[in-house]
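Visitor: Sharing a model prediction with you, sequence too.
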Amino acid sequence: MYKKQNEIIKKLTDKQIVQNLYFTQFLLLFLSLILSFILFDRFEDFLNLFQLKNMTIIYYGIGVALLVIILDSLIFKYAPKYLIDDGGINEKIFSKRSILHIIFLTALIAFSEELLFRGVLQTNLGIWIASIIFAILHFRYLSKWLLFLMVMSISFLLGVFYDMTGSLYTTIIAHFLIDLVFAIQIRWQYVNGVKNDE
C-alpha cells in the first residue's frame with residue numbers, strides 16, 4: 001500500500017498536489033460544520049469554541065510548538081532515514097511555494113484540522129478518539145511506525161493543552177507554528193539545493 005501511494009505521489013504534478021491539499025482542507029471544514037450540527041446540542045456551543053478567553057493561550061500555543069519542534073528536530077536528526085521518510089509528499093507540497101503561500105497553507109491546515117479534531121471531535125468524543133482518528137487520517141504514516149507514533153503523540157499533546165486551556169486558539173497557534181517552521185525548512189533546503197546545483 002505504501003509503495004502504491006509513493007507511486008501515485010510521484011505521478012502527481014505540483015498543481016495537483018496543491019489542489020488535493022486545498023480540497024482536503026475544505027472537506028475537513030465542511031465535515032466540521034456537519035458534525036457540529038450532529039454532536040453539539042446547540043449551534044451556540046459550536047460558536048463558543050471561538051471565544052478568546054485570555055491572552056495566555058498564545059504563550060501556551062507557542063510553548064507547545066517549541067517543544068514539538070525541538071523534539072521532532074532531534075528525532076529527524078538521529079533517526080534512520082527509512083523510519084522518517086514520508087514518501088516526499090511534504091517536499092512536493094512546500095518546496096516550491098512562496099513564503100506567503102506557505103503561511104496561508106499552514107494557517108488553513110492548522111485551522112481546519114484543529115477545528116475538526118479538537119473543537120468538534122475531542123469536545124464531544126474525548127481526547128483518545130480524536131487523537132486516534134487524527135493519526136489514522138494521516139494514513140501515509142500508517143506503514144511508518146515512528147512517524148505514526150510522532151503524529152499520535154503530537155495529537156495527544158495538542159489535545160491535553162486544549163483540555164487545559166479550554167481554547168481552540170491554543171492548538172491552532174501550536175499546529176500553525178509547527179507546520180510553518182517545518183514547511184519553511186523544506187522550502188529553504190529546496191532553494192539551497194537549487195542554488196548548489198547551479
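Guide: Cool, the structure landed.

Visitor: Name the next helix or strand downstream of the lowest-mean-pLDDT helix or strand in the chain, please.
Guide: One helix or strand of the chain scores below all others by mean pLDDT, DSSP states H and E: helix 2-11, with a mean of 62. Later in the chain than helix 2-11, the nearest helix or strand by DSSP states H and E is helix 14-39.

Visitor: following that following helix, which helix or strand comes up?
Guide: Next element after helix 14-39 (DSSP H and E): helix 43-47.

Visitor: any idea how far the residue nearest to residue 22 when sequence neighbours are not counted is from residue 80?
Guide: Computed as CB to CB, 6 or more residues apart in numbering, the closest residue to residue 22 that is not its neighbour in sequence is residue 108, at 7.8 Å. C-beta coordinates here come from the backbone N, C-alpha and C atoms, glycine included. As for residue 108, its distance to residue 80 is 32 Å (criterion: CB to CB, to the nearest Å).

Visitor: Residue 146 too?
Guide: 9 Å.

Visitor: again, but for residue 186
Guide: 20 Å.

Visitor: quick one, which of those two is more surrounded?
Guide: Neighbour tally, residue 186 and residue 80, criterion other CB atoms under 10 Å: the higher count belongs to residue 186, 19 against 8.

Visitor: Verify the contact between residue 121 and residue 128 for me.
Guide: No - using CB atoms under 8 Å, residue 121 is not in contact with residue 128, being 10.5 Å away.

Visitor: Comparing those two, which residue is more hemmed in?
Guide: More neighbours surround residue 121 than the other of residue 121 and residue 128, with 23 against 12 (other CB under 10 Å).

Visitor: Correct me if wrong: residue 37 contacts residue 31.
Guide: No - if you go by CB under 8 Å, residue 37 and residue 31 don't touch, sitting 11.2 Å apart.

Visitor: The two: which has the busier surroundings?
Guide: Higher neighbour count among residue 37 and residue 31: residue 31, with 15 against 9, using other CB under 10 Å.

Visitor: Look up the closest residue to that one, ignoring the ones flanking it.
Guide: Closest residue to residue 31 apart from its sequence neighbours, by CB to CB, 6+ apart: residue 116 at 6.1 Å.

Visitor: what about that neighbour, distance to residue 28?
Guide: 5 Å.

Visitor: More neighbours: these two, which one.
Guide: residue 116 (25 against 20).

Visitor: Now do the same for the more buried one: helix, strand or coil?
Guide: Classification of residue 116 by DSSP: H, G, I helix; E, B strand; the rest coil places it in helix.

Visitor: what's the answer for residue 101, then?
Guide: helix.

Visitor: distance of it from residue 69?
Guide: 21 Å.

Visitor: So for the two, which residue has more residues nearby?
Guide: More crowded of residue 101 and residue 69, by other CB under 10 Å: residue 69, with 17 against 14.

Visitor: In contact with residue 181: list those residues for me.
Guide: 65, 69 (CB atoms under 8 Å, 6 or more residues apart in numbering).
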